[in-house]
Every structure is written in structure tokens, then in C-alpha cells.
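Peer 1: Provide a 3D model corresponding to the input given below.
(one chain, ligands or ions: 1)
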Amino acid sequence: MSTLFISDLHLEDSRAETLEWLMALLDGPARDAEALYILGDLFEFWIGDDALPACARQLAGATRKLADGGLPLFFMHGNRDFLLGQEYAAMAGFRLLPESVVTDLYGTPTLLLHGDSLCTDDTEYQAFRLQARNPAWQAAVLARSVVERLAMARSARDASTQHTGSVSMEIMDVNDEAVRAAFREHGVSRMIHGHTHRPAMHDYDLGEPGGAQRIVLADWYGAGSYLDVSAAGARSRDI
Ligand code: MN
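Peer 2: Residues are numbered from 1 along each chain as shown. Modelled structure (predicted):
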């Protein structure tokens with residue numbers, strides 16, 4: 001048995017192939033899995049459960065079927081879909097996770113997170129993150145009209161594109177000290193996250209026997225990809 005992890009699909013109605021890859025995962029490997037974890041940025045943007053894009057409706061039908069069939073489907077928010085709420089989660093059969101979770105994966109204590117909290121060198125982004133995760137701010141945004149929220153999402157996306165273009169790759173990657181602190185704070189020897197779009201398996205020496213591993217999930221811009229974790233270890237697979 002194995003547990004599957006995906007993140008950074010950035011689903012939107014204009015890129016239908018991404019949903020097709022995800023449907024192939026749900027219809028294939030996910031059927032034999034013990035659980036499926038979605039570690040954020042499943043959607044390119046999310047303006048509220050009352051304004052679903054077509055791809056979200058289509059996806060919910062498929063995931064709901066799997067969930068009803070007994071597959072636990074966990075969802076953690078990313079920096080694009082942080083407004084995804086309980087209403088859509090119920091519709092899709094998702095169990096909402098907090099922003100970080102420690103779970104025992106076949107004997108290895110593992111920290112799961114979206115990954116943006118580790119990018120501490122990007123102070124401008126961290127300021128946005130603080131605001132975006134604030135329940136009062138979220139409630140104020142959700143109280144606006146759909147038209148207003150769409151405009152906000154569009155301008156946030158433009159600002160993000162501009163920011164990404166003006167800040168160095170190093171600043172937008174995880175901060176090494178933040179990573180080591182997270183290993184220590186949570187007492188884990190493995191972490192799995194997405195967000196940076198730099199898929200890799202990094203080894204760390206934390207001064208303890210066995211070492212530690214940080215696994216970065218791939219984005220879905222060019223193809224579908226998932227991480228398969230079993231008692232035998234973790235490996236990245238294409239769909
Ligand atoms: Mn992200």
C-alpha cells in the first residue's frame with residue numbers, strides 16, 4: 001500500500017489538460033492508494049465556494065466518488081486557493097488540513113506543508129501571506145461581490161507575476177535555516193511540500209543518525225506528477 005501526494009496543479013478552466021491528468025490519477029493509481037494528500041495550489045485561484053469554476057465542479061464529482069468509496073482525501077491550502085472552504089470540501093469529499101501536519105508514514109514521522117512558510121527570505125511575500133491567512137481579512141474578502149473578488153484575484157495574479165519576475169530565484173526558494181528549524185520544531189526526519197516548483201529530494205544532516213529528507217513536489221505545468229510513499233520509501237512518478 002502507498003500514500004500519494006500532489007500539489008501545485010494550478011487547475012483552471014483555460015488549461016483543460018491539467019484536469020485530464022488529474023482524472024487519470026484518480027481513475028488509476030489513486031484507486032489502489034491508502035490516502036491522497038493535496039498539498040496546496042490545486043487551483044490557480046479561488047475566490048470563494050460560491051463561485052466555482054467548471055473544473056472545480058467536474059473535479060468534485062470524481063473526488064467525491066473516491067471519498068465515498070473509502071479513500072481519504074486530504075486538502076491543505078496553498079497561496080492560490082487559501083479561500084477554499086468547508087462547503088467545497090464537503091462537496092469534493094476533502095478533509096481540510098491545517099497549514100502544517102505531522103503524520104507517521106510507514107514508521108517515518110513526516111511534516112506536510114504547502115512550503116510557502118519556509119520561504120522566509122521573501123519578506124514581501126510573507127507580509128502578503130500573513131494577511132491572506134487572517135480570518136478577518138478572508139471574511140471581508142468573501143463578503144464582496146463575485147465581480148469584485150474576480151478583479152482582486154486578477155490583480156493579485158498580476159502582482160505575483162511582477163514580483164516573481166523581479167525577485168531572485170534564491171529569495172523565492174526555501175530558507176535553509178527555516179527548513180532546519182522546521183525539522184527541529186516538529187521532531188521529524190522527513191518533510192514533503194510543494195510551492196517552489198523545484199521538484200527534488202534533498203538530504204540533510206541534522207546531527208542525528210539516519211539523516212533527514214526534504215521532498216519537493218513537482219508542479220503540473222508540463223505534465224502530471226505525484227509522489228508515491230510506501231514502506232519501501234518515496235518516489236516521484238509521472239502520470
Ligand atoms: Mn504555492
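Peer 1: Could you tell me the end-to-end distance of stretch 39-51?
Peer 2: 22 Å (Cα to Cα, to the nearest Å).
Peer 1: Tell me the buried residues in that stretch?
Peer 2: Residues of stretch 39-51 classed as buried: 39-49, 51 (neighbour count, 16 or more other Cβ atoms under 10 Å). C-beta here means a position set from N, CA and C on the backbone, and glycine is covered the same way.
Peer 1: so can I have CSV of those residues showing secondary structure and distance to the ion?
Peer 2: Output for the buried residues of stretch 39-51, formatted as CSV (DSSP: H, G, I helix; E, B strand; the rest coil; distance: Cβ to the ion, whole Å):
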residue, secondary structure, distance to the ion
Leu39, coil, 9
Gly40, coil, 6
Asp41, coil, 4
Leu42, coil, 10
Phe43, strand, 11
Glu44, coil, 10
Phe45, coil, 11
Trp46, coil, 12
Ile47, coil, 17
Gly48, coil, 19
Asp49, coil, 20
Ala51, coil, 21
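Peer 1: ok, Thr120 - contacts?
Peer 2: 126, 175, 177-178 (Cβ atoms under 8 Å, 6 or more residues apart in numbering).
Peer 1: element containing it, please.
Peer 2: Per DSSP states H and E, Thr120 falls between elements, in no helix or strand.
Peer 1: and it, backbone torsions?
Peer 2: Dihedral angles of Thr120 (phi, psi; degrees, to the nearest 10) stand at phi -70, psi -10.
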